[in-house]
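1. with the sequence up front, the predicted model follows.
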Amino acid sequence: MAADALIALAGKLDIDHNVELTEGREVVLDVADEEELSSQCLDVEFVLAGDGASAGAGVLYLTTRQVIAAATALRPRVVWVSSQPAGPAFALRYQQIIMHAISRDPSSYAKPCIYLQLDEGSEDMMQEEEGEGEAEEEVAAEIRLVPADEGKIDDIFKVLCDCAALNPDSEVEGEGDFFFDEAEVMAGLDPTTRAAVIADRLEGGMDLGGGAEGEAEANGAPEDLRELVGDDPSRFEDDEEEEEEGAAAQGGGAAGR
Amino acid sequence: MLFFSLFKTLVGKEVTVELKNDLCISGALHSVDQYLNIKLTNTRVHNEQKYPHMMSVRNCFIRGSVVRYVHLPPGAVDVEVLHDATRRESRGG
């Protein structure tokens, strides 16, 4: 496939095609970002979007950092540089590789290769095309890396695993915040356990410094609301037509704070 | 670390991983790490229509952040124990 078409395809898949190369067409590592070369493999074919678009043979670089850093890393990456003198170069961030696998089934692809699936994101990844009126084609977010030497496949797979593990997403890592629906959890309990959980809570099992104050802070609104309403249950009612009543309620509210 | 520990106990068992892009992959749980990256062996893909090229990839590595669900085999997990553990974790205990 022509370089332009390949680059357009790469763009649709959010693949970086402006990869900085040395004069000898080697990858420039971002030393400031602690990017190091983990592995390099010669004569690897890069195939985009399933089996449609081959970019031909090139050199595959797998870069990484040795220490996991907290910040989002634009590098390290999986970089592929075409062997052709003016050929394209592509880079994938590990964060966008949602899955990679070894494919040895000839009915999936003629040669053994590494199959990668890319993150399409929650929003529509399709960029706006200049030529409107054309139907947007669904581009499969798949890449195949086909080394000329089949024996390299296990190595490449392993390095991809290792590097992916060294380059986790910068946001909430691992299990992150523990979200749960209180009502759903309680509903799922058997009656005895549920009663025990409730009893446990009422005894101050929440460990927040104890006492009614702790309970109030934990429960938030109810206690505060009772204080604010005070002796006037209609304090927070909707304003009536008469201005005085509304103003008095607001004045009372302000004094109460 | 609750689920990391849980998944470590399931190594070797057959699980189905559902990704956020709706892909479902079954396989034997080979390994899991602290980011809940999952490695499966002898994988099988369920929704072939969307990814016809994915048939019978043998081993795969799934990035933890893209997992929506991990379907576990019935009886593989002691649900009572898991309930207790998650309740404790949610209380910050």
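-> Great, that's in hand. Numbering: from 1, shown residues only, chains lettered A, B, ... in the order given.
2. list the buried residues of the worst-scoring helix or strand of chain B on mean pLDDT.
-> Every helix and strand of chain B was ranked by mean pLDDT, DSSP states H and E. The lowest is helix B:79-90, at a mean of 83. Using 16 or more other CB atoms under 10 Å in any protein chain shown as the test for burial, helix B:79-90 gives B:A85, B:T86, B:R87. C-beta coordinates here come from the backbone N, C-alpha and C atoms, glycine included.
3. tell me which parts of chain B are close to chain A?
-> With CB under 8 Å from any CB of the partner chain as the criterion, chain B meets chain A at residues B:1-4, B:19-21, B:23, B:25, B:33-37, B:39, B:43, B:51-66, B:83, B:86-87, B:89-92.
4. which residues does B:H71 bridge with?
-> B:T16 (DSSP bridges).
5. ok and the residue in the stretch 51-200 of chain A nearest chain B?
-> A:A101 (3.4 Å; CB to the nearest CB).
6. count of neighbours near that residue?
-> 26 (other CB atoms under 10 Å in any protein chain shown).
7. ok, now B:L40?
-> Based on other CB under 10 Å, the number of other residues close to B:L40 is 26.
8. surely it is in a helix?
-> No - B:L40 is assigned strand when assessed by DSSP: H, G, I helix; E, B strand; the rest coil, not a helix.
9. residues in a beta bridge with the closest residue to it other than its chain neighbours, which ones?
-> Distances taken as CB to CB, 6 or more residues apart in numbering or on different chains place B:G27 nearest to B:L40, at 3.1 Å, with adjacent residues excluded. Beta-bridge pairing for B:G27 (DSSP bridges): B:V15.
10. show me what contacts B:G27?
-> The contact partners of B:G27, by CB atoms under 8 Å, 6 or more residues apart in numbering or on different chains, come to B:E14, B:V15, B:V17, B:L40, B:T41, B:N42, B:T43, B:R44, B:C60.
11. pretty sure the second one is touching B:L29, no?
-> Yes - applying CB atoms under 8 Å as the test, B:V15 and B:L29 come out as touching, 5.1 Å apart.
12. are there residues contacting both of these two? Which ones?
-> With CB under 8 Å, 6+ apart, B:V15 and B:L29 have common neighbours B:L40.
13. per-residue confidence at the residue nearest the centre of chain B?
-> Compute the mean C-alpha point of chain B, and by CA atoms, centre = their mean the closest residue is B:V70, 3.8 Å away. Listed pLDDT for B:V70 reads 95.
14. related to what we said a few turns ago, could the contacts of B:G27 be laid out in JSON lines, adding pLDDT and distance to A:A57?
-> Putting the contacts of B:G27 into JSON lines (pLDDT from 0 to 100; distance: CB to CB, whole Å) gives the following:
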{"residue": "B:E14", "pLDDT": "95", "distance to A:A57": "38"}
{"residue": "B:V15", "pLDDT": "96", "distance to A:A57": "37"}
{"residue": "B:V17", "pLDDT": "95", "distance to A:A57": "33"}
{"residue": "B:L40", "pLDDT": "95", "distance to A:A57": "30"}
{"residue": "B:T41", "pLDDT": "93", "distance to A:A57": "30"}
{"residue": "B:N42", "pLDDT": "89", "distance to A:A57": "31"}
{"residue": "B:T43", "pLDDT": "88", "distance to A:A57": "28"}
{"residue": "B:R44", "pLDDT": "85", "distance to A:A57": "31"}
{"residue": "B:C60", "pLDDT": "92", "distance to A:A57": "25"}
